[in-house]
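Asker: Quick one: sequence plus predicted model below, questions after.
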Amino acid sequence: MELLKIQLQDAGRVAAQMKAAGQSTAHLPKISALSVTRELLATKGIFGLYRGTKATMLRDVSFSMVYFPLFANLNSLGPRKSPDSQEAAFWWSFISGCAAGAISAAAVNPADVVKTRLQLLNKGAGDESYSGVVDAFRKILKNEGPSAFFKGAMCRMIVIAPLFGIAQMVYFFGIAEALMGIDKNKKATVIMPATREK
């Protein structure tokens, strides 16, 4: 789905470049998720739908590696639900989730830029082609400089921050546990294995 989303977002860019160059865009087909899927299957086969998977995994795994420890640490610094509670106040969980989400999104933005570049199918005039994740990192750094890796970082932070803040609040309120029928307040009992008598 990520690949299809990028193609739909990029469709206007190629047409705008052609118009700016004085070329006609009448011959360009109307882009839809279905037409992109058909084109990918026809030209690249089933594996075409998975273009950029390594870069996507690099982004998502790195995000988790930054987000979860950061959230746990930020959440532990805030006020507690009650004086004898280990749980943070719900609003602190929200703030911690937002902050950890925004920082994590910015930290992994270079991988997101590489993923997006790898997943672009319709290259514009003068656009670079990449053979993989490492090649994309090298060429972007060489041709555009380090700042290219942080293009769109603020937009990602604005989207990701509330998403993860809300997710932590949902967890805090125990909505998932309630839907699954799990009593969040029930004390866990530990049963020790029986020991053999000698």
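Answerer: Ah, there it is.
Asker: List the buried residues of the biggest helix by length in the chain.
Answerer: Criterion DSSP state H: the longest helix present in the chain is helix 53-77. Neighbour counts over helix 53-77 (16 or more other Cβ atoms under 10 Å) mark 54-56, 58-59, 62-63, 66-67, 70-71, 74-75 as buried. Quick note: C-beta positions are derived from backbone N, CA and C, even for glycine.
Asker: what does stretch 130-148 give?
Answerer: Neighbour-count burial for stretch 130-148, counted by 16+ other Cβ under 10 Å, picks out 130, 133, 136-137, 139-140.
Asker: measure E39 to V134 for me?
Answerer: Per Cβ to Cβ, to the nearest Å, E39 is found 27 Å from V134.
Asker: Oh, that last question was meant for E128, not what I typed.
Answerer: In terms of Cβ to Cβ, E128 sits 14 Å off from V134.
Asker: thinking again about what came up before, on the C-terminal side of the longest helix of the chain, identify the next helix or strand.
Answerer: helix 90-107 (DSSP states H and E).
Asker: buried ones in that next one?
Answerer: Neighbour-count burial for helix 90-107, counted by 16+ other Cβ under 10 Å, picks out 92-107.
Asker: need the buried residues of helix 53-77 in CSV with pLDDT, can you?
Answerer: As requested, these are exported to CSV (pLDDT from 0 to 100):
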residue, pLDDT
K54, 91
A55, 91
T56, 91
L58, 94
R59, 94
S62, 96
F63, 96
V66, 97
Y67, 96
L70, 96
F71, 95
L74, 95
N75, 92
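Asker: could the residues you listed go into TSV alongside distance to I46?
Answerer: Listed next are the buried residues of helix 53-77 as TSV, based on distance: Cβ to Cβ, whole Å:
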residue	distance to I46
K54	17
A55	19
T56	17
L58	22
R59	22
S62	27
F63	27
V66	32
Y67	32
L70	37
F71	37
L74	42
N75	42
